[in-house]
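>>> Just need the structure, nothing else, for what follows:
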Amino acid sequence: MKPTKSILSERTTTNFAGPRASGKIRCGTKVLTAAAKQNETAVKIYKDGLAQQRRASAIEKEITAATGLKNPMYPVNTQAFHLSIDDFVMPILPKVILDLYGETVNGARELRMFPVFFHSNELFDFFPHRFESNSGKDRYRSAFNDKGDRVCEVLPDLDPKKVAEQRRAGVKRLPPRDWTVRSLCDPRTCQQFQAGQCQFRGTLKFYIPGVVGLGVVAMETSSEYAAENIWSTLDQIRNTLGHIPNFNPKDPDKPVFYITKVQEERAYFDGEGKRKVGLQWVPRLVPAIDIASMLHQGRNLAQQIAPVAWLSQAPINHGAPEAATGRSAEVIDDDGATVSTDRISQLQSTLEEIFRTGGCSRELALRYLDHKYGFGWDKSVDLLGKAVEGITALTRYKENADVYLESRLLTVDYRIPQELFDVYAKHILGNWERSFPKMRDLIAHITQLFANSERQGILAMEAACAAMTQGAHC
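Coordinates of the predicted model:
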């Protein structure tokens, strides 16, 4: 019997930042100081580094090694985003992204806007963030305890005596250290935060159409203002539509979101503690979908996707008075048997109660039931009973319930022939139907595959099936 859990699956699912990104886009960069500009060697290394798309910190390190200059570069805020071959697993990807979405400015290609989409409805899945320290003697980070309070955790130093004892005993690994709670996390009174040792750090992860491979690209930010704006934009869209869309329903060939930069006033304090205001280029997430039209059509509202028969009945707990005879209404089910509407209403109420208590998305669950049982399942006592039983069992998976539902709706959302989907999914992931990590990988993979258009996605799947070993059929 194959194990349902493994060392690697546990590590990947409990990792704070989630899956590792295949590349990183930076919001800022560094340029030469006035003193470094007077050094010919520094200037040459800097220009060569830019031409080779090297990371600014790598260029700076090389300048220091060659010239002895300390801190030859300083950070600058720019309108463009910055890509380097040092930040990508595949060094060709920065050029690919610039060729696809860059624009020519003063004879050079710059990335000022690019399309993205996200693989999950849970914001923290692709936008992890916290307060943490990357400087100073000790390491700190913020976390939330079981009560929902934000606390400060500290990683204690290694005990030299324990290290020496282990070395004498022939133990090669260092003694384990566990994060311990120091206090509540309050940046307003935190000495490390006030000293700049602890900062807000967030990592936005997304897919860029046209980027091959795993395709997850990250953009880090230490700006609480920028992160809050991006988070609130996504949260508002999710609350309005019921989910975060990963395709443009009005024009499937066009993106859902763009990331760009806007210039805004930002207040800061100088070295003397005086408050100043200046303009800064900050990243901004811009929706490219027509939300008003989507609302008007009712295509994405969870409240409007309930089966039609439910909408014709009075709301739960607000039904019309019963007839004087006390006899309940009756309907004929699919088998021709007479069924009391009281039983149907009871099952519908039970299903609604399951949705209210949480565990899975009402929208996804109803779409899944429509797909699984077909039109009219809500009028069949037998199918309603199966729906209640199935959704109840599904809620035990907690945060993975929506992953299960979303993976089963891929063929519907992207109009993929079932036979093609079954063969392709098994080919790339094996037995994915019993593994939540594989379900997540499949959702992300199909989302990326269909990023440009439905036709291109289908053709790519068919081509992969055709290239399989002899004997596999699509």
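>>> got a list of what Ala365 touches?
Counting by Cβ atoms under 8 Å, 6 or more residues apart in numbering, Ala365 touches Phe355, Ile391, Leu394, Leu405. To be clear about C-beta, it is placed using only N, CA and C from the backbone, and glycine gets the same treatment.
>>> Return the closest of these with respect to Gln52.
If you rank the contacts of Ala365 by distance to Gln52 using Cβ to Cβ, Leu405 comes first, at 46.3 Å.
>>> pretty sure Pro283 belongs to a helix, no?
No: the assignment for Pro283 by DSSP: H, G, I helix; E, B strand; the rest coil gives strand, which leaves it out of any helix.
>>> Nearest residue to it in space, please, no chain neighbours.
Ala226 (5.2 Å; Cβ to Cβ, 6 or more residues apart in numbering).
>>> Do I have it right that the one you found meets Leu285?
No: with the criterion set as Cβ atoms under 8 Å, Ala226 and Leu285 do not qualify as a contacting pair; they are 9.4 Å apart.
>>> more crowded one of those two?
Using other Cβ atoms under 10 Å as the criterion, Ala226 and Leu285 rank with Ala226 on top: 24 against 20.
>>> Let's see the pLDDT reported for the more buried one.
Note for Ala226: predicted pLDDT of 90.
>>> How about Leu100: what's its closest non-neighbour residue?
Using Cβ to Cβ, 6+ apart and skipping residues adjacent in sequence, the residue nearest Leu100 is Gly210, 5.0 Å away.
>>> what comes up buried for the helix or strand hosting Cys465?
Taking DSSP states H and E as the criterion, the element that holds Cys465 is helix 454-466. Judged by neighbour count (16 or more other Cβ atoms under 10 Å), helix 454-466 contains these buried residues: Gly457, Ile458, Met461, Ala464, Cys465.
>>> Let me see the contact set for the second one.
Contacts of Ile458 were listed using Cβ under 8 Å, 6+ apart, and they are Ile416, Leu420.
>>> The same query, at a cut-off of 6 Å, please.
With contacts taken as Cβ atoms under 6 Å, 6 or more residues apart in numbering, Ile458 has no neighbouring residues.
>>> Quickly note the distance from it to Ile259.
Distance of Ile458 to Ile259, given as Cβ to Cβ, to the nearest Å: 28 Å.
>>> any idea how far the helix or strand harbouring Asn229 is from the chain center?
Using DSSP H and E, Asn229 sits in helix 224-241. Taking Cα atoms, centre = their mean, to the nearest Å, the mean C-alpha location of helix 224-241 is offset from the chain mean by 13 Å.
>>> Counting by contacts, list what that helix packs against.
Packing contacts for helix 224-241, counted by 3 or more Cβ pairs under 6 Å, 6 or more residues apart in numbering; DSSP states H and E, involve strand 275-287.
>>> run the last query once more with 8 Å
Counting by 3 or more Cβ pairs under 8 Å, 6 or more residues apart in numbering; DSSP states H and E, the packing neighbours recorded for helix 224-241 are helix 123-126, strand 198-207, strand 275-287, helix 291-297.
>>> want to throw the ones you listed into JSON lines with distance to Arg362 and mean pLDDT?
Converted to JSON lines, those look like this (distance: least, Cβ to Cβ, whole Å; pLDDT from 0 to 100):
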{"stretch": "helix 123-126", "distance to Arg362": "18", "mean pLDDT": "86"}
{"stretch": "strand 198-207", "distance to Arg362": "26", "mean pLDDT": "92"}
{"stretch": "strand 275-287", "distance to Arg362": "23", "mean pLDDT": "87"}
{"stretch": "helix 291-297", "distance to Arg362": "17", "mean pLDDT": "69"}
